[in-house]
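>>> Next comes the sequence, and after it the predicted model I'd like to discuss.
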Amino acid sequence: MSMRATRYLLPTLRDAPGDAVAESHKLLVRAGMVKQVGAGMWTWLPLGWRVQLRVMAIIREEMDRIGGQEMLMPVLHPAEIWKRSGRYDIDVVFKLKDRNDRDLVLAITHEEIVALHASQTIRSYRDLPQIWYHIQLKERDEPRSSGGVLRTREFTMKDSYTLDRDQAGLDEGYARHEEAYDRIYTRCGLDFYKVESDTGIMGGSLAHEYMAPSSAGEDRVARCSKCDYAANVEMAVSRIDRAPSPPSAPVAEVETPNVNTIEELAQFLGIDARTTGKAMPVVTADGKVWLALVRGDRRLHELKLSKVLRQTTEPATPEQIEAAFGAKPGSIGPVGIRPGGIGGIVADETLREGSWVTGANRTGWHLTGVEAPRDFEAQFADLHEVEEGDGCPFCDGVLSIEPMIEIGNIFKLGTRFSEAMGAMYLDENGTEQPIVMGSYGIGPARIAAAAIEQSFDEHGCIWPAPIAPFDVWMVAIGDEAPAHADRLADELAAAGLTSMVDDREGSPGVRFADADLIGAPIRVTVGKRTVSDGTVDVRLRRTGESETVPLGDAAARIEALRASLMPQVP
């Protein structure tokens, strides 16, 4: 039985919401695929939900292909489990109490539950490895829901977990997921990159994100023009030109009245900003003041600094700066700091060699000729934010910075969660060992949004064929046309293709516009010529190419066209 538009929830709109910026936000709403309930809360209407279901079907096929076992774990968890793992106090976790005043959590991911079940069911090395996955709702107390369905407070996610005996097993499970993810995104028709990323609240030793290039993306990714290096700017490193450092000389004080910024300092002394050291005092979560140093022309990446210090940081206040360094902001530097006055100094690798101009820790004064380690001791690390045009750290290519949408992530968790939850096994020698875990997430809604961001025009969505809500959109014009369209739809269904028959009243132009807005890959017009000549018009949404086909040959021709639109997967 074909699907008829007159019996379908299809609330298309002429105009986009006034607050919509992302194209996916505008078009999903206009095409009648989603409706907003509240900030970060969306209903996926039948047409949009069909897209998600098709994405999920691809995900299931590829997860099953690598040996994944599907299950379903609850969204509501006892808070005690999250307290044991150390994630209870994460700010995006929804917390609530039941009628008996027991603390509960709404899950953002399911590492705790997987580790719990592993502790209950796995006893021996013979029980490993395992791959468990589910497709389930997730809840996040997002501080800023935005971009339509791109950043929401409730969403569906596929999360899978590998359970292994050792690091070698984890490496193998990680590689299997990399292969599966490559196939999933290719089958969904996306342009994508796998990039190095921060492990964040998940912890672990290694993480990668899968990114879809899009101007609507909130993440910024550094990519090399020559090799395959790509990394989130949170993790990216770069090769930058050495500063024109002056010859080594003794430290000298220079009075610099009313000079408070690097730009003012460079202009006042007539020097290149690259020869200066920018002081960035911060306060760590334990209340200590630390000094971060980067080259004067570069920005400090705060997440990189936090990773070095192994705790969060925030900029020090003017009062904290003056108490720790004895000078006002703008005159701070690494030389002559009172012993015990700060937690320490972390300097960017670019400052390891050379002679620098820094603050003198005396208001209105700076120092020239400052060198490490002669004049100050510091821990050196990569602290600067990568910028457009920096050199690639692995070849002679140049880095570009592109906005991208995160569509998936993979983590080597190690034993953090298994140790917290007591998920142990006995090895070949009868010795108890913690299970080694990996975690792997994909957001079907983000795949749908990214597909639109990468493929639309002034008329509407252009869905990749594998995840379109319907393979074929038929516009039936005239009293006899719906019956012909139904018969063609039945033929197509026998070949595995889905069809919508638009039998609504109204002008053909309005219905053609809706077909373009909704963006099914193939549009078929069943009209007066179908009755008189026995032909239908077949049009490709992406290219606009059209042809007239005999009705008797239409199913075979449409099937062939649809096959030609499917991505090639190795």
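Yep, that arrived.

>>> counting contacts, what elements does the longest strand belonging to the chain pack onto?
Of all the segments of type strand in the chain, defined by DSSP state E, the longest one is strand 399-414. Secondary-structure packing of strand 399-414 (3 or more C-beta pairs under 8 Å, 6 or more residues apart in numbering; DSSP states H and E): helix 167-187, strand 206-213, strand 219-224, strand 436-442, helix 444-454. C-beta: built from backbone N, CA, C; applies to glycine.

>>> which one of the ones you listed lies closest to Leu413?
For Leu413, the closest of these is strand 436-442, at 4.4 Å, according to C-beta to C-beta.

>>> Which one of the helices and strands packed on strand 399-414 lies nearest to Gly147?
helix 444-454 (7.6 Å).

>>> Let's see that closest one as PDB, backbone CA atoms only.
Provided in PDB are the C-alpha atoms of helix 444-454 (Å, rounded to 0.1, in the frame of the first residue of the first chain):
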ATOM      1  CA  PRO A 444      21.700  10.200  14.100                       C
ATOM      2  CA  ALA A 445      20.100  13.600  14.300                       C
ATOM      3  CA  ARG A 446      23.500  15.300  13.800                       C
ATOM      4  CA  ILE A 447      24.000  13.100  10.700                       C
ATOM      5  CA  ALA A 448      20.700  14.300   9.400                       C
ATOM      6  CA  ALA A 449      21.500  17.900  10.100                       C
ATOM      7  CA  ALA A 450      25.000  17.600   8.600                       C
ATOM      8  CA  ALA A 451      23.500  16.100   5.400                       C
ATOM      9  CA  ILE A 452      21.400  19.100   4.900                       C
ATOM     10  CA  GLU A 453      24.200  21.600   5.800                       C
ATOM     11  CA  GLN A 454      26.300  19.900   3.100                       C
END
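
>>> those helices in the stretch 401-550 of the chain, which residues are they?
Listed in chain order, the helices of the stretch 401-550 of the chain (DSSP state H, counting those that start in this stretch) span 416-421, 444-454, 481-494, 508-518, 528-532.

>>> Which residues does the third one contact?
I take that to be helix 481-494. Helix 481-494 has contacts (C-beta atoms under 8 Å, 6 or more residues apart in numbering) with 1-4, 471-472, 474, 476, 498-499, 501, 503, 524, 526-528, 530-531, 536, 551, 554-555, 558-559.

>>> Which residue comes closest to Val149 once chain neighbours are left out?
In space, and not counting its chain neighbours, Val149 is closest to Ala445: 4.9 Å by C-beta to C-beta, 6 or more residues apart in numbering.

>>> ok, the one you found - how many residues close by?
Residues near Ala445, counting by other C-beta atoms under 10 Å, number 24.

>>> next one: the one 10 residues further on
Using other C-beta under 10 Å, Ser455 has 18 other residues around it.

>>> Which residues are in contact with it?
Contacts for Ser455 (C-beta under 8 Å, 6+ apart) come out as 189, 461-464, 542.

>>> I figured Tyr210 was touching Ile405, is that so?
No. The pair Tyr210 / Ile405 is not scored as a contact, 9.6 Å apart, by C-beta atoms under 8 Å.

>>> Can you pull the poorly scored residue ranges out of this protein?
For the chain, the stretches with pLDDT under 70 are 1-2, 199-205.

>>> domains for it, by residue range?
Annotated domains of the chain cover 23-236+401-453, 252-381, 470-565 [automatic domain parsing].

>>> what about those, which gets the closest to Leu13?
For the domains of the chain, proximity to Leu13 was assessed by C-beta to C-beta; domain 23-236+401-453 is nearest, at 4.7 Å.

>>> Quick one: end-to-end length of that closest one, please.
End-to-end distance for domain 23-236+401-453: 6 Å, by C-alpha to C-alpha, to the nearest Å.

>>> Please apply the same query to stretch 483-503.
End-to-end for stretch 483-503, by C-alpha to C-alpha: 10 Å.

>>> Repeat that for stretch 56-72.
Length of stretch 56-72, first residue to last, C-alpha to C-alpha: 14 Å.

>>> still on that earlier bit, so the residue nearest to Val149 versus Met63, what's the distance?
18 Å (C-beta to C-beta, to the nearest Å).

>>> And Pro339, by the same measure?
57 Å.

>>> Those two: which has the busier surroundings?
Neighbours per residue, other C-beta under 10 Å: of Pro339 and Met63, the larger number sits with Met63, 26 against 5.

>>> Spell out the secondary structure type for that one.
Of the three states, Met63 takes helix under DSSP: H, G, I helix; E, B strand; the rest coil.

>>> correct me, but it touches Ser160?
Yes. In this structure, Met63 is within contact of Ser160 by C-beta under 8 Å, at 6.2 Å.

>>> tell me, what's touching these two both at once?
131, 133.

>>> Spell out for me the ChimeraX command that would select the buried members of the contacts of helix 481-494.
In ChimeraX syntax, the buried subset of those is picked out as below (16 or more other C-beta atoms under 10 Å):
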select :2,3,4,471,472,474,476,498,499,501,503,524,526,527,530,531,536,551,554,555,558,559
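
>>> taking the contacts of helix 481-494 one by one, which sit in strands?
Counted as lying in strands by DSSP E, out of the contacts of helix 481-494, are 3-4, 472, 474, 476, 499, 501, 524, 526, 536.

>>> and of those, the nearest to Ser331?
For the ones in strands among the contacts of helix 481-494, the nearest to Ser331 is Val472 (70.6 Å; C-beta to C-beta).

>>> who's in contact with the residue lying closest to the closest one once chain neighbours are set aside?
Sequence neighbours aside, Ser499 is the residue nearest to Val472 in space, at 4.4 Å (criterion: C-beta to C-beta, 6+ apart). Contacts for Ser499 (C-beta under 8 Å, 6+ apart) come out as 2-3, 470-474, 485, 488-489, 492-493.
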